[in-house]
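Chemist: Model the structure of this input:
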Amino acid sequence: MIETLYGPVASANIAKAKAVKLLICDIDGVFSDGRIYMGNDGEELKTFHTRDGFGIKSLLNASIEIAVITGRKSKIVENRMQGLGVNHIYQGQDNKIVAFEMLLEKLNLNADQVAYIGDDVIDLPVMDRCGFSVAVADAHPLVQKKAHYMTTINGGFGAVRELTDLILFANDILEQAQGTSV
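Modeler: Numbers count the residues shown, from 1 in each chain. A predicted model of the protein is given here:
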């Protein structure tokens, strides 16, 4: 076990984190707390944590690619991800493995170079294929059971930042991390 800012992490998971060249994130329940606020006129609202934004920017500045694959479609997600500089945005994905395979081919990566963070059973096919699967602390129990690593923080409250910090830590560049909380 290796001590990190978030507690002890198995050395095998540190090695998996060090190999990451692409981080893929789910949105609802990972970047957000999973709740969707809907107004009477159909307006949809989500909340995003600025710490997660800093972590994403830090990974991008460290030349680690970021993608999102989400089952829902939302202009809010597109705006937030574009604001963070995320170029690989796959929305409306009922079968997330299709987007996963497209990303591997597009970026010329193998599955062992990919980390995926999710919270529900729709994420399991990608989690089963990637090199480093991560569940947020409040993920569905089946997802928690299958993940290599489980964050100490709930989705929407900085869980993505915990993972980005772990990847940076594994590469010995956490203290040089540069991002913004856009």
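
Chemist: And the helices in this protein?
Modeler: 11-18, 50-61, 75-84, 96-107, 124-129, 141-146, 159-170 (DSSP state H).

Chemist: Indicate which one of the ones you listed is closest to Ala135.
Modeler: Of all the helices of the chain, it is helix 141-146 that lies closest to Ala135, at 4.6 Å by CB to CB. In this view, the C-beta of every residue, glycine as well, is placed from N, C-alpha and C.

Chemist: Buried residues in that closest one, which are they?
Modeler: If you call a residue buried by 16 or more other CB atoms under 10 Å, then helix 141-146 has these buried ones: Val143, Lys146.

Chemist: Please name every helix or strand in contact with that helix.
Modeler: Judged by 3 or more CB pairs under 8 Å, 6 or more residues apart in numbering; DSSP states H and E, helix 141-146 is in contact with helix 124-129, strand 132-135.

Chemist: Which positions within the first one qualify as buried?
Modeler: When burial is assessed from 16+ other CB under 10 Å, helix 124-129 yields the following buried residues: Leu124, Val126, Met127, Arg129.

Chemist: Present those as TSV; the columns should include pLDDT and distance to Ala15.
Modeler: As requested, the buried residues of helix 124-129 are exported to TSV (pLDDT from 0 to 100; distance: CB to CB, whole Å):
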residue	pLDDT	distance to Ala15
Leu124	98	23
Val126	98	20
Met127	98	18
Arg129	97	18
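
Chemist: ok, so of those residues, who is nearest Asn13?
Modeler: Of the buried residues of helix 124-129, the one sitting nearest to Asn13 (CB to CB) turns out to be Met127, at 13.8 Å.

Chemist: tell me the contacts of the closest one?
Modeler: For Met127, the contacting residues are Tyr116, Gly118, Ser133, Ala135, Val143, Lys146, Ala147, by CB atoms under 8 Å, 6 or more residues apart in numbering.

Chemist: Verify the stated contact: Glu65 with Val20.
Modeler: No: under the criterion of CB atoms under 8 Å, Glu65 is not in contact with Val20, lying 9.3 Å apart.

Chemist: Which of these two has more residues huddled nearby?
Modeler: Using other CB atoms under 10 Å as the criterion, Glu65 and Val20 rank with Val20 on top: 26 against 20.
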